[in-house]
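Asks: Give me a 3D structure for the following:
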Amino acid sequence: MIPPAPTPLEDELGDVLEKAMRRAGLGEVELGARARVEPGKILDAIDYRPALDLEELRRLAAALGLNEVGLCALGAGRYPLPDIKGLPFCVWPLQMPHGIGTVNAYLVGECGSPEAVLFDTGAGIDALAAVWPAAVRKVAAVFLTHVETEHVGGLCEIVSRFDVSAAFVPEGAATPCSRPICEGETKAIGPLEISVFSTPGHARAHNCYLVSAPAARAGRALLIAGDLVFAGSAAGGYFSPEQLDKQIRRVLRAVPLSTVIAPGHGPMTTVENELRYNPFLG
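Replies: Purely as a prediction, here's the structure:
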């Protein structure tokens, strides 16, 4: 794999608490009463001024149904991230500025080949061009996880510039220069096999893609997760928080534990790591 630049977590402690409170339908006063934590300290954490001790974090995890170990690790600024290695193909993480953070797209292809498959297109053609690797001169296909602006910018320009024969989008999403692909479909592109999971929750039309190399004697698979799950957190369930939670658990239990997760924001991780530590998988 082509090593990515060091990337901070997409969500801090306060982001996770706020998402968990929204999911549970709790305000700071009710949560504070259940967890025996001063409501002002909860609000301070959401405002990125955390001053919660270990016992308070444990009680908050219990009240919100979160993974205690992962939440405490976030609170200490020590959320564990695994060493990403053992993939049987090359991965180029394309990290682009977006707001106060970053958004990720990914190129995946046979090492040494000038051709790769692009997953998501980032915030726009200029942002994508700024991080594009010189080694990749052809794009065999494009797969979009969902059609939020920061994930589909420059799609038509990419299709035109590289004469891309196929660009796929989740069924039910409307965007030009693409055609739908749905749950259960599999595409063979060179040595890669790309299998589709339909994962509504963050958005109504959202896909994850499992990338493997069937002919390789060994090696991990890669899950292009979009805005399903992040290292140490999960996306916002803007379409349906219940569906989001269901799909995270379904997909992470359907793929091997060794699978590398390539999320739409934040650093790469593994299924095993997130099942062990992710606060939302408690």
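Asks: How about the contacts made by residue 35?
Replies: Contact analysis of residue 35 by C-beta atoms under 8 Å, 6 or more residues apart in numbering lists 56, 59, 60, 62, 63, 64. The C-beta positions use only the backbone N, C-alpha and C, and glycine is treated the same way.
Asks: Kindly report the same for residue 250.
Replies: With C-beta under 8 Å, 6+ apart, residue 250 has these contacts: residue 197.
Asks: cool, and the one 4 residues further on?
Replies: With contacts taken as C-beta under 8 Å, 6+ apart, residue 254 has the following neighbours: residue 197.
Asks: One more pass at 6 Å, please.
Replies: Neighbour list for residue 254: empty [criterion: C-beta atoms under 6 Å, 6 or more residues apart in numbering].
Asks: same deal with residue 127?
Replies: Counting by C-beta under 6 Å, 6+ apart, the residues that residue 127 touches are residue 96.
Asks: you'd agree it is in a helix?
Replies: Yes. According to DSSP: H, G, I helix; E, B strand; the rest coil, the state of residue 127 is that of a helix.
Asks: circling back: for the contacts of residue 35, name the two members farthest from one another.
Replies: The distance between the two most remote of these (C-beta to C-beta) is 12.3 Å, for 56 and 64.
Asks: By neighbour count, which of the contacts of residue 35 wins?
Replies: residue 60 (30 neighbours; other C-beta atoms under 10 Å).
Asks: Find the residue at the geometric middle of this protein.
Replies: Centroid-nearest residue in the chain: residue 263, 2.2 Å away (criterion: C-alpha atoms, centre = their mean).
Asks: Let me know whether that one touches residue 230 as I believe.
Replies: Yes. Using C-beta atoms under 6 Å, residue 263 is in contact with residue 230, at 4.8 Å.
Asks: Now list whatever residues contact both of the two.
Replies: Joint contacts of residue 263 and residue 230 (C-beta under 6 Å, 6+ apart) do not exist.
Asks: quick revisit: tell me what the residue nearest to the centre of the chain is bridged to.
Replies: Note on residue 263: beta-bridge partners by DSSP bridges are residue 226.
Asks: on that earlier part again, from the contacts of residue 35, which land in helices?
Replies: Cross-referencing the contacts of residue 35 against helices under DSSP state H gives 56, 59, 60, 62, 63, 64.
Asks: any idea how far the third one is from residue 240?
Replies: This points to residue 60. 24 Å (C-beta to C-beta, to the nearest Å).
Asks: Could you look up the SS state of residue 97?
Replies: Criterion first, three-state DSSP; result for residue 97: strand.
Asks: does it have beta-bridge partners, and which?
Replies: residue 102.
Asks: For this structure, which segments are assigned as helices?
Replies: 13-24, 28-35, 39-46, 54-64, 68-75, 125-130, 149-152, 155-161, 241-254, 271-277.
Asks: Tabulate these (a markdown table), appending mean pLDDT.
Replies: Shown next, in a markdown table, are the helices of the chain (pLDDT from 0 to 100):
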| stretch | mean pLDDT |
| --- | --- |
| helix 13-24 | 96 |
| helix 28-35 | 98 |
| helix 39-46 | 98 |
| helix 54-64 | 98 |
| helix 68-75 | 98 |
| helix 125-130 | 95 |
| helix 149-152 | 94 |
| helix 155-161 | 96 |
| helix 241-254 | 97 |
| helix 271-277 | 98 |
